[in-house]
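Participant: fold the stuff below for me.
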Amino acid sequence: MTALGVVTTIGGNCSPGTPAEGCGTDAHFGNIGQVAVDSSGHVYTADRSDSNIKKGIAPTPAVATHITSISFQTAVTGDYCWSVFASGGAFSGCYGATVDSDGTVYAAALGSGVISKITPGGVATSLGAVVPGPVELVISTTTHNLYVASLAGGAAGGIYKVVPPYGAGDVTQIDSGYTCFGCGVDSTTDTVYAGDRNNNQIRSMSSSGPGSVLAGSGGTGSLNASLAGSTFNAPCGIAVVGSGGTAVLYVADQNNGLIRKIDVAGNAVSTLAGSGFNACNADGIGAAAGLANPTGCTLGPDGSLYIADQDNLTVRKITLPAGVVTTIGGNPDFPTPCARTYDNADGCGAAGHLSDVGQCGVSSGGIVYVADRANSDVKKGVPPASSKVVQIDFTGGASDTTSSFTLQHSSLVTPASNYTDVAATFSQLGPSSFRATVSPSGDAQYYRIKHN
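Facilitator: Next comes the predicted model:
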C-alpha cells in the first residue's frame with residue numbers, strides 16, 4: 001500500500017490451492033503469518049501451512065527514462081520527385097548549378113564555358129559571361145556575385161568572379177595557377193573558398209583575390225589533423241556554415257570518397273561522413289555511409305548538406321551535426337545493385353534517375369537543382385509534403401535499443417490507467433540517447449515513455 005492508499009498484490013493467489021513456488025500469482029501461500037522486508041526490497045513471510053519461510057525476490061526495476069525535450073517539428077513523408085528543369089545546347093556538359101535568394105538558378109556549361117540563367121518558371125537565357133573550363137559555381141546572396149571554379153589548369157585555372165549583370169565584360173579572374181573543381185562563399189563577408197586540386201589544398205580569398213592556403217599540407221591523403229597538417233585528395237565543392245573567423249567549411253573530398261569538416265577557429269580538420277573511395281551507395285551515419293567521388297557540397301535552408309555523389313549517380317542529404325546520410329535522388333541500383341547505369345528517367349524516389357551529377361543548388365523553399373553532365377541538363381527535385389510531428393528526446397539505459405520503449409499518450413495526466421499505447425517511430429541519437437516521433441493526436445495532451 002502506497003502513502004496514497006493504492007493497494008496492489010505482489011504475491012500469492014486468492015484461489016485455493018497447494019502452496020507452490022512461482023512468480024506473481026503463480027506463487028501460492030497457505031496460512032500466512034508475519035511479513036518482513038530487507039534493504040534490497042526482498043520480502044520474507046512465514047507460511048504455517050507447510051512450516052516454511054518463503055522469500056519473495058523483488059523484480060528488477062525497468063531502466064528509468066528521462067525526457068529531455070518535447071517539441072513540434074516539421075517532418076516530410078514521401079520522396080523527392082525529379083524531372084528535367086532545363087536542357088539543350090547551352091547546357092552541354094553542364095557541371096555546376098547554384099541558386100540565388102530569389103530562386104533564380106545559374107548553371108555553367110563545361111563544354112562552351114557559357115553561364116546561363118534559369119527563372120523559377122524554367123525559362124533559360126544564356127548570359128554574355130564566358131569562363132574557361134567552368135565546373136562548379138556559387139553565388140553570394142548579398143552581393144549576387146557569381147564565383148566560378150575553373151579546371152582549365154595553368155594560368156587560366158582557378159577562381160573567376162562574375163558580377164551583375166553577368167555580361168562579357170563582367171568577368172574577372174581573382175585567383176589563378178591551379179585546377180579548381182569546386183568553391184564556396186561566405187555571403188556575409190564575400191569570402192571565397194576554393195579547392196586546389198593540383199596541390200590538395202583549400203584556399204581562401206577576398207572577393208578581389210588573390211588567395212592563400214587555408215588548409216592542407218599539400219600531401220595526398222585523408223589525414224585528420226590541424227589545418228596545416230591535414231591532407232586531402234582532390235577537394236571539390238565547399239559549403240560554408242557560419243561566417244568570418246568562426247566559419248566551418250564542409251568539403252567534398254572527391255578521391256577519398258569523404259565529406260571533410262574544417263573548423264577554422266578550432267584549427268582542426270575531421271571527417272563528417274563517408275567510408276572511403278568509390279563505395280557503393282549506402283545510407284547511414286558518419287563512416288557507415290558509402291559515397292563515391294562526391295563533387296558538389298551545398299548548404300540547404302534546413303541546415304543540411306546536399307551532396308552530388310557523382311559515381312553513385314545520386315544526390316545525398318547529410319544532417320548536421322550528426323552526419324546522418326540519406327539518398328534523396330537517383331538510383332545507383334538500376335538495374336542491379338551498385339550497377340550505376342546512366343539514365344534520364346523522371347520520377348519520384350528511386351524511379352527518378354540521374355547520371356553524372358556535378359553540383360547541387362537548393363532554393364529557399366527546399367527545391368534541389370542538380371547539374372547532370374552526362375545528360376547535359378539541370379534536374380529539379382521537388383521535396384515531399386511536410387507535416388507537423390511531436391518530437392520527444394529522452395535518455396535510456398546503456399543497453400537499450402529502439403525496441404526497448406513504447407510511447408503512450410493521454411488526455412489526462414492521472415490516473416496512470418488513462419495512458420494508452422500509441423504508434424511512434426523510435427530512433428537512436430547516440431549512446432543512451434533516443435528520439436520518439438509521433439503525429440499529434442487531437443486529444444493527446446500528455447506523453448510518456450514506457451520501458452518495455
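Participant: every contact and neighbour count from this point should use C-alpha atoms.
Facilitator: Will do.
Participant: show me the contacts for the closest residue to A194 other than its chain neighbours.
Facilitator: In this structure, A194 finds its nearest non-sequential neighbour in C183, 4.3 Å apart by CA to CA, 6 or more residues apart in numbering. Residues in contact with C183 (CA atoms under 8 Å, 6 or more residues apart in numbering) are 136-138, 147-149, 192-195, 236-238.
Participant: okay, and C183 sits in which element?
Facilitator: Per DSSP states H and E, C183 falls inside strand 180-186.
Participant: in its sheet, which strands sit next to that strand, and in what direction?
Facilitator: Its sheet considered, strand 180-186 pairs with strand 191-196 (antiparallel) by DSSP bridges.
Participant: residues in contact with the partner strand?
Facilitator: Applying CA under 8 Å, 6+ apart, the contact partners of strand 191-196 are 147, 149, 158-159, 178-186, 201-207, 234-238.
Participant: and P440, what does it touch?
Facilitator: P440 neighbours (CA under 8 Å, 6+ apart): 388-390.
Participant: is it within a helix or a strand, and which one?
Facilitator: Using DSSP H and E, P440 falls within no helix or strand.
Participant: how close does it sit to P164?
Facilitator: P440 sits 48 Å away from P164, taking CA to CA, to the nearest Å as the criterion.
Participant: with F434 instead?
Facilitator: Distance of F434 to P164, given as CA to CA: 49 Å.
Participant: of the two, give the one with the bigger neighbour count.
Facilitator: More neighbours surround F434 than the other of F434 and P164, with 22 against 12 (other CA atoms under 10 Å).
Participant: quick one: strands adjacent to whichever strand or helix holds I238?
Facilitator: Element membership of I238 [criterion: DSSP H and E] is strand 235-241. Paired strands of strand 235-241, with direction, are strand 248-253 (antiparallel) (DSSP bridges).
Participant: hmm, who's touching the strand it pairs with?
Facilitator: With CA under 8 Å, 6+ apart, strand 248-253 has contacts from 232-242, 258-264, 293-297, 307.
Participant: what subset of these is buried?
Facilitator: Listed as buried from the contacts of strand 248-253 are 232-241, 258-264, 293-297, 307; burial here means 16 or more other CA atoms under 10 Å.
Participant: ends of stretch 106-124, how far apart?
Facilitator: End-to-end distance of stretch 106-124 (CA to CA): 9 Å.
Participant: please identify the buried residues of it?
Facilitator: Buried residues in stretch 106-124, counting neighbours by 16+ other CA under 10 Å, are found at 106-118, 124.
Participant: and what of stretch 326-335?
Facilitator: Buried residues in stretch 326-335, defined by neighbour count with 16+ other CA under 10 Å: 326-334.
Participant: and if you look at stretch 92-101?
Facilitator: 92-100.
Participant: what about the strands in the stretch 1-150 of the chain?
Facilitator: According to DSSP state E, counting those that start in this stretch, the stretch 1-150 of the chain carries its strands in the segments 32-37, 43-47, 52-56, 66-76, 81-87, 94-99, 105-109, 114-118, 124-130, 134-139, 146-150.
Participant: tell me the spacing between T314 and Y447.
Facilitator: According to CA to CA, T314 and Y447 sit 39 Å apart.
Participant: of the two, which one has the most company?
Facilitator: T314 (28 against 21).
Participant: contacting residues for that one?
Facilitator: Residues in contact with T314 (CA under 8 Å, 6+ apart) are 308, 327-332, 354-355, 357.
Participant: what do you get if the cut-off is 6 Å, keeping everything else the same?
Facilitator: Under the criterion of CA atoms under 6 Å, 6 or more residues apart in numbering, the neighbours of T314 are 329-330.
Participant: equivalent analysis for N344, please.
Facilitator: By CA under 6 Å, 6+ apart, the contact set of N344 is 353-354.
Participant: and the protein, what are its domains?
Facilitator: By the record's domain assignment, the chain is partitioned as 1-60, 66-72+387-451, 80-384 (automatic domain parsing).
Participant: just name the most buried of the ones you listed.
Facilitator: Of these, the one with the most neighbours on average (mean count of other CA atoms under 10 Å) is domain 80-384, at a mean of 22.
Participant: run the chain-centre distance for that one.
Facilitator: The chain centroid and the centroid of domain 80-384 are separated by 16 Å under CA atoms, centre = their mean, to the nearest Å.
Participant: avg pLDDT for that domain?
Facilitator: The average pLDDT within domain 80-384 is 95.
Participant: quick check, A350 in a helix?
Facilitator: Yes - applying DSSP: H, G, I helix; E, B strand; the rest coil, one finds A350 inside a helix.
Participant: tell me the secondary structure for A228?
Facilitator: coil.
Participant: who are the contact partners of it?
Facilitator: Going by CA under 6 Å, 6+ apart, the list of residues near A228 reads 215-217.
Participant: 8 Å - rerun?
Facilitator: Contact analysis of A228 by CA under 8 Å, 6+ apart lists 214-217.
Participant: for D421, same thing?
Facilitator: With contacts defined as CA under 8 Å, 6+ apart, the neighbours of D421 are 406-409.
Participant: now do F277
Facilitator: Residues in contact with F277 (CA under 8 Å, 6+ apart) are 254-258, 291-293.
Participant: how near is the residue nearest to it when sequence neighbours are not counted to G300?
Facilitator: In this structure, F277 finds its nearest non-sequential neighbour in G257, 4.2 Å apart by CA to CA, 6+ apart. As judged by CA to CA, G257 and G300 stand 21 Å apart.
Participant: again, but for P335
Facilitator: Distance, P335 to G300, using CA to CA: 30 Å.
Participant: sorry, back to before: mind listing which of the buried residues of stretch 326-335 are in strands?
Facilitator: When the buried residues of stretch 326-335 are checked against strands (DSSP state E), the matches are 326-329.
Participant: kindly reformat those residues as a markdown table containing distance to I367.
Facilitator: Below are these laid out as a markdown table (distance: CA to CA, whole Å):
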| residue | distance to I367 |
| --- | --- |
| T326 | 16 |
| T327 | 15 |
| I328 | 11 |
| G329 | 12 |
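Participant: out of those residues, which comes closest to F72?
Facilitator: Distance to F72, by CA to CA, is smallest for T326 among these, at 22.2 Å.
Participant: identify the bridge partners of that closest one.
Facilitator: Counting by DSSP bridges, T326 forms beta bridges with K317.
Participant: check Q73 too.
Facilitator: For Q73, the beta-bridge partners under DSSP bridges are V389.
Participant: isn't it right up against I392?
Facilitator: No - counting by CA atoms under 8 Å, Q73 does not reach I392; the two are 10.0 Å apart.
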